[in-house]
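Colleague: Have a look at this prediction, sequence included:
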Amino acid sequence: MGIQGVHKIVVGVRDQERAKRFWSEVVGFEITTDVPYDDEGNRWVEVTSADGATALVLSTAPEDLKRFEVRDELPTGNFFFYADDIEKTYEELSAKGVEFPARPEKQPWGWWAMFTDSEGNRFALQERNPTS
C-alpha cells in the first residue's frame, strides 16, 4: 500500500498541562494518551483531531523545543492544519481567545490563516478545498 499520510506530529511545548488544555478545551482535540514514559517524570501526551486522522505529541524534550527563526509573516510549524470552513473556524477560535497573527485571507493557492497556540507556536491553517 505504501505511505498513506501523516499520523503524528511532534510539537514542542514548555508546559504540557497548559498545552493539553489549549488543544483539548479550546481547539477541540481529544486527549488520547497521557502516560509516564521514564523514571524522570517525563510524560507522553497526545491529543487527536476530531476526525481521528492526526495526533499531536506535546513534547517538552529540549530538542523538540527548538524553533525556527520567528518572523511575523511566517508560521513556526512546518506543517498546515486544515478546516472545512476557515472563516467559521477563525470566528469560533477567536471567540475562545485564540490569537490569529494572520486572519483568513484568500491567496492564489487557496484560503489560509495563521494562529498561535498556548506555547507561542504559530501554525498555518488552510481551507481543506484550496480551490474555493
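Modeller: Nice, I can see it. For clarity, every value in this text was computed on a predicted model and none was experimentally measured.
Colleague: contacts and neighbour counts: CA atoms only from here.
Modeller: Noted.
Colleague: And the strands in this structure?
Modeller: 8-12, 30-36, 43-48, 55-59, 80-83, 99-107, 110-116, 122-127 (DSSP state E).
Colleague: For these, could you give me a markdown table that also reports mean pLDDT?
Modeller: Below are those laid out as a markdown table (pLDDT from 0 to 100):
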| stretch | mean pLDDT |
| --- | --- |
| strand 8-12 | 94 |
| strand 30-36 | 97 |
| strand 43-48 | 97 |
| strand 55-59 | 96 |
| strand 80-83 | 92 |
| strand 99-107 | 94 |
| strand 110-116 | 93 |
| strand 122-127 | 93 |
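Colleague: Turn those into TSV, columns for distance to Thr89 and mean neighbour count.
Modeller: Converted to TSV, the strands of the chain look like this (distance: least, C-alpha to C-alpha, whole Å; neighbours: other C-alpha atoms under 10 Å):
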stretch	distance to Thr89	mean neighbour count
strand 8-12	21	17
strand 30-36	17	15
strand 43-48	17	21
strand 55-59	19	22
strand 80-83	7	16
strand 99-107	10	16
strand 110-116	10	20
strand 122-127	10	22
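Colleague: Put together a markdown table for these, with distance to Glu73 on each row.
Modeller: Shown next, in a markdown table, are the strands of the chain (distance: least, C-alpha to C-alpha, whole Å):
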| stretch | distance to Glu73 |
| --- | --- |
| strand 8-12 | 20 |
| strand 30-36 | 30 |
| strand 43-48 | 27 |
| strand 55-59 | 23 |
| strand 80-83 | 15 |
| strand 99-107 | 8 |
| strand 110-116 | 9 |
| strand 122-127 | 10 |
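Colleague: Mind checking the ones you listed for the one nearest to Trp23?
Modeller: strand 43-48 (7.0 Å; C-alpha to C-alpha).
Colleague: what's the single longest helix in this structure?
Modeller: When the chain is parsed with DSSP state H, its longest helix is helix 86-95.
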